[in-house]
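Student: coordinates only, sequence not included:
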């Protein structure tokens, strides 16, 4: 349960992200000069190098602990830049840094960030299940659906945090909704998720408050600060953006 006290009002599930004020070093090349990005990513994977590359508009960016050594020989150049000047890139490095921090704490990842496109999104889950159903012996894992984007209306980067769930059988095999219904485990799982009231199939009308105070606010507190893969540190505000009526 969160210790953060929200002022009266309506809040979003979007937490402001504070980027470093100092420039960070990234590797940059023009899109015209870049080799095929799929081939480059395959090289990075084969070498198990700590390097990420991302293309946006007419530029290709590279970052990570081994990016200088790996990318200088492939036509990239060093560049100092303020992340706030390139919000799309900032959203990616923020999410990558946050996920790396979560994985180091024992979380596991389901949805991974797409290496291309604008969708900086991923799903991570707690190491231990929140509960195990009596019917079907299904493990119910609590997790977070994370998206990062720039919001021009408030001139800020924001992290969207949603509670999400994963199901596994006793052997750790993922289960989908039809499989949950076949095991007669879905209603019990929804009780574990606090969406149904215990002992009933009635919807919990307090679920929005529970999500905010038991999941979203504690997440923002746990990951208040984290390192970025391009260097520097980001901060996650403990209170989400309010709704302005």
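Tutor: All right, it came through fine. Everything numeric in this text was worked out from a predicted model, so none of it was measured.

Student: what about the helices in the protein?
Tutor: 37-47, 67-72, 87-104, 177-182, 186-192, 207-211, 217-222 (DSSP state H).

Student: So, low pLDDT: which residues of this structure?
Tutor: 1-4, 35, 114-119, 244-245 (pLDDT under 70).

Student: show me the contacts for the spatially closest residue to residue 235 that is not a sequence neighbour.
Tutor: Distances taken as CB to CB, 6 or more residues apart in numbering place residue 18 nearest to residue 235, at 4.0 Å, with adjacent residues excluded. Quick note: C-beta positions are derived from backbone N, CA and C, even for glycine. Each residue near residue 18 by CB atoms under 8 Å, 6 or more residues apart in numbering is listed here: 234, 235, 236, 237.

Student: Now do the residue nearest to the last one when sequence neighbours are not counted against residue 152, distance only.
Tutor: The one in question is residue 237. Leaving aside its sequence neighbours, residue 237 sits nearest to residue 16 (CB to CB, 6+ apart; 4.2 Å). For residue 16, the distance to residue 152 equals 14 Å [CB to CB, to the nearest Å].

Student: At the geometric centre of this structure, which residue sits there?
Tutor: residue 146 (3.6 Å; CA atoms, centre = their mean).

Student: Does that one touch residue 98 like I think?
Tutor: Yes - contact criterion CB atoms under 8 Å: residue 146 and residue 98 qualify, at 6.9 Å.

Student: intersection of neighbour lists for those two?
Tutor: residue 159.

Student: out of everything not next to it in sequence, what's closest to residue 89?
Tutor: Residue 89 sits nearest to residue 61 (CB to CB, 6+ apart), 5.6 Å away.

Student: More neighbours: residue 16 and residue 152, which one.
Tutor: residue 16 (18 against 7; other CB atoms under 10 Å).

Student: neighbours around residue 61, how many?
Tutor: 24.

Student: Which residues are in contact with the residue nearest to the centre of the chain?
Tutor: Residue 146 touches 95, 98, 99, 121, 122, 123, 124, 159, 160, 161, 162, counting by CB under 8 Å, 6+ apart.

Student: Show me where this structure has its strands.
Tutor: All strands of the chain, identified by DSSP state E, fall at 14-18, 24-30, 52-56, 59-63, 77-81, 108-109, 121-125, 131-132, 139-151, 156-168, 225-227, 233-236.

Student: on that earlier part again, please identify which pair of the contacts of residue 18 lies farthest apart.
Tutor: Across those, no pair lies farther apart than 234 and 237, at 10.6 Å, counting by CB to CB.

Student: so what's in contact with the two at the same time?
Tutor: 17, 18.

Student: Neighbour count for those two, which is higher?
Tutor: residue 234 (24 against 16).

Student: Identify the bridge partners of the more buried one.
Tutor: residue 226 (DSSP bridges).
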